[in-house]
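Trainee: With the sequence up front, the predicted model follows.
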Amino acid sequence: FLYWQFEVNRMNKVILVTGANSGIGLALCERLLSVDTEGLQLCLACRNMRRAEAAHSALLTSHPKAQVALLQVDTSSISSVISAAQEVKKRYDRLDYLYLNAGIMPNPRFDVNAFFKGLFSRNVITMFATGEGILTQQDGVTPDGLQEVFMTNLFGHFLFVRELEPMLCRAGRTSQLVWTSSSNAHRSAFSLEDIQHKKGTQPYSSSKYASDLLSLTLNTHYNKQGLYSSVICPGFVMTNLTYNILPSFPAFLWTLFTPIFWLIRMFTNTFTLTPYNGAEVLFWLFKQKPESLDPYAKYHSLTSGLGNNYTQPRKMDIDLETSESLYEKLLQLEREVRKKLKDEQKESPP
Ligand SMILES: NC(=O)C1=CN([C@@H]2O[C@H](COP(=O)(O)OP(=O)(O)OC[C@H]3O[C@@H](n4cnc5c(N)ncnc54)[C@H](OP(=O)(O)O)[C@@H]3O)[C@@H](O)[C@H]2O)C=CC1
Ligand SMILES: CC(C)=CCC[C@@H](C)[C@H]1CC[C@H]2C3=C(CC[C@]12C)[C@@]1(C)CCC(=O)C[C@@H]1CC3
């Protein structure tokens, strides 16, 4: 029996989701278990373990036979990412899907004037679809000395992928990376001279645009080794991240807006609104052959006016040259942080 159990576990696909304790990440886990309760090994990679335990219990209550494990990771911390990756290598002998979903938008500032101006302009639909022109954020610096949004949304995930490379690139098998990007990703917010976005006021948009670029270059470097990367946009979803945009509005007030949001959805199908709907594209990608996906497309979760969910690819505003340059800069930064970590460990061995 033990041998059989070992064989089953070995065959089961391993799916790791960062930021899985709430919102879109948790909804994805729920949806995956609804289609295959016993055949998957889910790993919820979370920063806040109290919320992770709650998510774990909720998933096991609805799917008692599911194989769900927890892993602590703070994507804003270099040492945390490296030790989490080591733990993954110890626990699993394969990694089929890596959903890079954890993300933050700290200290958002909602520009009410720009919003009302936008309401009566030709760009109103674009404004609702992308949040363009109405949001800025104030970024912080992590204890490692990196910009917080860049580290959490992009670089922490990049390091994680680099650490897990031997597990993700296996002969005769494919693995998939899925980056949760955003319609708020804009070329104008990103600069190769300031990849961490130290100078601007749109670190979120910059980090998401960087993930679009990075996904493209990862495909050019890793497809031959069986590793594929895609980017998605979940649409506008009401989660902790969006509640934080209007902090004086408690979550229940947002739900009072739901009828207005349904109305707006008649004009823009990007208002997916619920984490279940937002996770549509993440779930859809799980069922696709990675070789069939377009590396230049962002895959969007959309919900029609009548509430039907679907996925649509849209070409991204990216080019290979910029994405290669970003990749070089990230590799350079990786070398620097690894050297710093080594020096620190030499100074004070564990
Ligand atoms: N909601 C929306 O409209 C949109 C969201 N997105 C993206 O979707 C993704 C999921 O966000 P969403 O579900 O909306 O919001 P939530 O705030 O519900 O989820 C964010 C998740 O990321 C985790 N997280 C944040 N910082 C870290 C960190 N340093 N280390 C590890 N985990 C971390 C949070 O965990 P913790 O409990 O520890 O805070 C949480 O689980 C994000 O990348 C977001 O940018 C993209 C487009 C639109
Ligand atoms: C009636 C009312 C309260 C309107 C306010 C709506 C705005 C707060 C939203 C309209 C479009 C939304 C949006 C986002 C945040 C909230 C809005 C600006 C995001 C920027 C959130 C994070 C993303 O990654 C993309 C979203 C695009 C749309």
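Mentor: Structure's in. What do you need? Ligands and ions are numbered 1, 2, ... in the order given.

Trainee: Ligand 1 contacts on the stretch 151-300 of the chain?
Mentor: Along the stretch 151-300 of the chain, the residues adjacent to ligand 1 under the rule Cβ under 6 Å from any ligand atom are 152, 180, 182, 233-234, 236-237, 239-242. All C-beta atoms are positioned from the backbone trio N, CA, C, and that covers glycine.

Trainee: Pull out the buried residues from these.
Mentor: By the neighbour-count criterion of 16 or more other Cβ atoms under 10 Å, those include these buried positions: 152, 180, 182, 233-234, 236-237, 239, 241-242.

Trainee: Quick check: the two most widely separated of those?
Mentor: The widest separation within these, taken as Cβ to Cβ, falls between 152 and 236 and amounts to 20.3 Å.

Trainee: Mind giving me the packing neighbours of the helix or strand encompassing residue 70?
Mentor: Taking DSSP states H and E as the definition, residue 70 sits inside strand 67-72. Strand 67-72 makes packing contacts with strand 40-46, helix 49-62, helix 78-91 when contacts are defined by 3 or more Cβ pairs under 8 Å, 6 or more residues apart in numbering; DSSP states H and E.

Trainee: so which of the ones you listed is the most packed in?
Mentor: strand 40-46 (a mean of 25; mean count of other Cβ atoms under 10 Å).

Trainee: and that strand, which strands flank it?
Mentor: strand 13-18 (parallel), strand 67-72 (parallel) (DSSP bridges).

Trainee: tilt between that strand and helix 78-91?
Mentor: Inter-element angle recorded for strand 40-46 and helix 78-91: 160 degrees (by axes from the mean of the first three to the mean of the last three Cα atoms, to 10 degrees).

Trainee: Strand 40-46 - what's its average pLDDT?
Mentor: When pLDDT is averaged along strand 40-46, the result is 97.

Trainee: ok, now stretch 225-237?
Mentor: The average pLDDT within stretch 225-237 is 98.

Trainee: Redo the buried ones among the residues of the stretch 151-300 of the chain next to ligand 1 as CSV? Include distance to residue 45 and secondary structure.
Mentor: Shown next, in CSV, are these (distance: Cβ to Cβ, whole Å; DSSP: H, G, I helix; E, B strand; the rest coil):
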residue, distance to residue 45, secondary structure
152, 13, helix
180, 13, strand
182, 20, coil
233, 21, strand
234, 18, coil
236, 25, coil
237, 20, strand
239, 17, coil
241, 17, helix
242, 22, helix
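
Trainee: restrict those to contacts with ligand 2.
Mentor: Among those, proximity to ligand 2 is found for 182, 236, 242 (Cβ under 6 Å from any ligand atom).

Trainee: contacting residues for the last one?
Mentor: The one in question is residue 242. Contacts here follow Cβ atoms under 8 Å, 6 or more residues apart in numbering; on that basis residue 242 touches 236, 254.

Trainee: gap between it and residue 97?
Mentor: 25 Å (Cβ to Cβ, to the nearest Å).

Trainee: Could you pull up the contacting residues of the residue positioned nearest the centre of the chain?
Mentor: In the chain, the residue lying closest to the centroid (Cα atoms, centre = their mean) is residue 101, at 2.2 Å. Shown here is residue 101, whose contacts under the criterion Cβ under 8 Å, 6+ apart are 17-20, 24-25, 28, 178, 180, 282.

Trainee: redo that, cut-off 7 Å
Mentor: Under the criterion of Cβ atoms under 7 Å, 6 or more residues apart in numbering, the neighbours of residue 101 are 17-19, 24-25, 180.

Trainee: Surely residue 168 is in contact with residue 175?
Mentor: Yes: with contact taken as Cβ atoms under 7 Å, residue 168 and residue 175 are classed as touching, separated by 4.4 Å.

Trainee: intersection of neighbour lists for those two?
Mentor: 95, 227.

Trainee: Looking at those two, which is more packed in?
Mentor: Higher neighbour count among residue 168 and residue 175: residue 168, with 25 against 22, using other Cβ atoms under 10 Å.

Trainee: And the more buried one, how close does it get to ligand 2?
Mentor: Remark: distance between residue 168 and ligand 2 (Cβ to the nearest ligand atom, to the nearest Å) = 26 Å.

Trainee: pLDDT score for that residue?
Mentor: On pLDDT, residue 168 comes in at 97.
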